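Undergrad: I'd like to go over a predicted model; first the sequence, then the structure.
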There are 2 protein chains.
Amino acid sequence: MKTKKMRFLTIGQLAHRAGVGVETIRFYERKGLIAEPPRSASGYRHYAMNAVRRVRFVRRAKALGFSLKEISELLALRVDPSSTCGDVRQRAESKIGEINERITGLEEMKAALTRLSASCRGRGPASECPILDELDRSAESEH
Amino acid sequence: MKTKKMRFLTIGQLAHRAGVGVETIRFYERKGLIAEPPRSASGYRHYAMNAVRRVRFVRRAKALGFSLKEISELLALRVDPSSTCGDVRQRAESKIGEINERITGLEEMKAALTRLSASCRGRGPASECPILDELDRSAESEH
DNA sequence: CTTGACTCCGTACCTTAGTACGGGGTGTAT
DNA sequence: ATACACCCCGTACTAAGGTACGGAGTCAAG
């Protein structure tokens, strides 16, 4: 347990500060989400302090529903001088659209399940359950 | 292309009628979602007509948000004489709860993204985009 | 100078729900 | 009798996002 104040972070320290596992850092590096840091003579990764921000960026973007692939595109936009703020906003908006679609799908599932659930008084053997019956009984939607 | 009226279905016919691929049928069999059918002398699967219903049951339950594992539990309930209709309904209701949680999570993402998106007027280089800035700038929620 | 924690690397494994592949046998229409 | 569609099986691969493993090297403290 070394806690000497250093100008850089080891991979374990970075992982800890960013709230992820060490393996996750190396995984993100392989995916190109964080840059390969300089190495010590013995090959240890030495991260600058702001690497924490970078990892947290990834985590926050993920929490907003972006995939790692999309996150690396977002990061590429930032670096590319020909890309604009509008490009970024466009991505945010299309992600909102995606989320809306997913919500709609879930609402539909929920409505169907609610209807099914209401059809069942909860008495009697499962073999006669109207829920299972209806799943079984043939089939509007498909084919 | 044989369309002679038979009392059974080949795997391809079953797949076609159920609206899935042949490989999916074999996959469901491996997963225990559909029973292993009798075989012809040469090893071909011979499905009873009601196998179509079974496959469609799986597809419909999946469309309602159940995983294949959960679907096999549902199917097990139906066969188990000690299980009741209430057990089935309970599963439906806890799935509704799960869906509600997912919706809530998506609503939160959406709200956060909407706020971010509004902070960006869409002008200027991506490197100065307030959306990226905020993703970058440190960090309430984690750690 | 040894112990224990940490790091390196490559590779394999996990989950979910399939899809694809390759080499072989079968069924049937022409 | 031969073409062609269909079926068999086991295995590997896909996507996403990591997690785990094993053997080796390294670092700092006691």
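TA: Cool, the structure landed. Computed from a predicted structure; not experimentally measured.
Undergrad: drop to CA atoms for contacts and neighbour counts, all remaining ones
TA: OK.
Undergrad: DNA strand D contacts on chain A?
TA: A:1-2, A:4, A:20-21, A:23-24, A:27, A:40-42, A:62, A:66-69 (Cα under 7 Å from any atom of the strand).
Undergrad: Now which of those would you call buried?
TA: Using 16 or more other Cα atoms under 10 Å in any protein chain shown as the burial test, the residues of chain A next to DNA strand D include A:Val20, A:Gly21, A:Phe66, A:Leu68 as buried.
Undergrad: Which residue is the nearest non-sequential neighbour of A:Pro125?
TA: Closest residue to A:Pro125 apart from its sequence neighbours, by Cα to Cα, 6 or more residues apart in numbering or on different chains: B:Thr84 at 4.1 Å.
Undergrad: And for A:Gly21?
TA: A:Ala15 (5.4 Å).
Undergrad: That neighbour: neighbouring residues, count only.
TA: 20 (other Cα atoms under 10 Å in any protein chain shown).
Undergrad: for the strand or helix carrying it, packing partners?
TA: Assigned by DSSP states H and E, A:Ala15 falls within helix A:11-18. Helix A:11-18 sits against helix A:22-30, helix A:51-63, with contacts defined as 3 or more Cα pairs under 8 Å, 6 or more residues apart in numbering or on different chains; DSSP states H and E.
Undergrad: Just the buried residues of that helix, please?
TA: A:Ile11, A:Gln13, A:Leu14, A:Ala15, A:Arg17, A:Ala18.
Undergrad: which residues touch the first one?
TA: What it means is A:Ile11. A:Val22, A:Ile25, A:Arg45, A:His46, A:Tyr47 (Cα atoms under 8 Å, 6 or more residues apart in numbering or on different chains).
Undergrad: which one of the residues of chain A next to DNA strand D sits closest to DNA strand C?
TA: A:Met1 (5.0 Å; Cα to the nearest atom of the strand).
Undergrad: near chain B at all, stretch A:64-74?
TA: Yes. Stretch A:64-74 lies within reach of chain B by Cα under 8 Å from any Cα of the partner chain, at A:Leu64, A:Gly65, A:Leu74.
Undergrad: hang on, isn't the last one packed against A:Asp87?
TA: Okay, so that is A:Leu74. No. Counting by Cα atoms under 8 Å, A:Leu74 stays clear of A:Asp87, with 9.1 Å between them.
Undergrad: Contact partners for the residue nearest to A:Gly21?
TA: Taking Cα under 8 Å, 6+ apart, one finds A:Gly21, A:Val22, A:Thr24, A:Ile25 in contact with A:Ala15.
Undergrad: Do you know the pLDDT at the last one?
TA: According to the model's per-residue confidence, A:Ile25 sits at a pLDDT of 98.
Undergrad: Spatially central, which residue of chain A would that be?
TA: Residue closest to the average C-alpha location in chain A (Cα atoms, centre = their mean): A:Lys62, at 3.6 Å.
Undergrad: Excluding covalently adjacent residues, which one is nearest to it?
TA: Per Cα to Cα, 6+ apart, closest to A:Lys62 is A:Leu68, 7.1 Å.
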